[in-house]
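J.: Give me a 3D structure for the following:
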Amino acid sequence: MSKAKKKTENNVIHETRDYSMFKTVKGNRSIDKGHVKRLVREMKKKDLELPIFINENDEVVDGQHTLEARKELNKPIRYIRGKFENEFDVAVMNANRKNWPMTAYLNFHIENGKKDYGIVKAMTRQYSLPLECAMFLLSGRYSMWTPLRDDFKQGKFKITHLQRCNDIGSSLMYLKNNFNIKLTRGFITAYAVVSEHPKFKWERFKNALKSKSALLLRGTNTEDFVRVFDKIYNGNSPNKINFIRYFIDRDYQKDEDVE
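T.: Alright, predicted model coming up:
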């Protein structure tokens, strides 16, 4: 293909089975065979068909492990050609792509060795969390917002509240397993707010659920669930906690740019 034609096709997703066209960039990390095997297993379960990224000389800038895994499975290679010098150029380009879901950014940065992203994925699996919920729990927030989402896309996401995510996640799994609760974003956000009230006691909440668990099915959004938790926790107790006021006062805002 001529250089002129290549330039006109920059940043477009192509597909090929011609594995020989892809070249290695000098200085690329050596192939981790264990990682390739993991990718093969993941692709057999569910193939997200993520593209690899090559520069205008057909050198693989990002996705060398994906390339090897797809070759092993005899799958076609989806690729994007652009003026990329390294994987960080790819990350910046991806951050401006509207057709990439957050899971694609997650897998992209995991493949590029970002340890925080691997922990995020582990948290989603361990506690049955939607990705966005794992992100805001691990970053100390109660909701997603544009700067957090942008940092995540560009590979800048840092975990600052791992213990928080483990504590809340463990409680959520108890609720899910014992009361057949679907862990929606509204439910998770509401519980995160309520459980972090200075006077909230988990054992008191668990005891209250013995007679009031049916109320857990009544919420539809975050504020609804805060009111549900308030009703369950306080009941007829004279020592009531105003969770609703606490929720209103939190650094909470509705999600922006929901994808």
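
J.: Residue 68: which element?
T.: helix 64-72 (DSSP states H and E).

J.: For that helix, which outside residues touch it?
T.: 19, 22, 24, 28-29, 31-32, 35-36, 39-40, 43, 50, 52, 60, 76-77, 111 (Cβ atoms under 8 Å, 6 or more residues apart in numbering). Using the backbone N, CA and C atoms, a C-beta is placed for each residue, glycine as well.

J.: if we go to 6 Å?
T.: 19, 31, 35, 36, 39, 40, 52, 77, 111 (Cβ atoms under 6 Å, 6 or more residues apart in numbering).

J.: phi, psi of the last one?
T.: Translated: residue 111. Taking degrees, to the nearest 10, you get phi -60, psi -30 for the backbone angles of residue 111.

J.: Make 39 the first number, not 1, from now on.
T.: Okay, using 39 as the starting number, the last item reads as residue 149.

J.: Quick one: residues contacting it.
T.: residue 103.

J.: So what's the model's average confidence on stretch 59-71?
T.: For stretch 59-71, the mean per-residue pLDDT is 75.

J.: What residues of the lengthiest helix in the chain count as buried?
T.: Secondary structure of the chain per DSSP state H: the longest helix is helix 200-217. By neighbour count on 16 or more other Cβ atoms under 10 Å, the buried set for helix 200-217 is 202, 203, 205, 206, 207, 209, 210, 211, 213.

J.: what's the answer for stretch 170-181, then?
T.: Neighbour-count burial for stretch 170-181, counted by 16+ other Cβ under 10 Å, picks out 170, 171, 172, 173, 174, 175, 176, 177, 179, 180, 181.

J.: avg pLDDT for the host helix or strand of the first one?
T.: Under DSSP H and E, the secondary-structure element containing residue 170 is helix 169-176. pLDDT averaged over helix 169-176 equals 96, rounded to a whole number.

J.: mind checking how far it is from the chain centre?
T.: The chain centre lies 7 Å from the centre of helix 169-176; the measure is Cα atoms, centre = their mean, to the nearest Å.

J.: go on, stretch 169-186?
T.: 9 Å.

J.: Give me the below-cutoff pLDDT ranges for this structure.
T.: 39-49, 64-67, 123-138, 289-297 (pLDDT under 70).

J.: measure stretch 251-269 end to end?
T.: Start-to-end span of stretch 251-269 (Cα to Cα, to the nearest Å) is 11 Å.

J.: Please identify the buried residues of it?
T.: Buried, per 16+ other Cβ under 10 Å, within stretch 251-269: 253, 254, 257, 260, 261, 263, 264, 265, 266, 267, 268.

J.: Go through those and name the one nearest residue 194.
T.: residue 260 (26.6 Å; Cβ to Cβ).

J.: residues contacting that closest one?
T.: 224, 227, 228.
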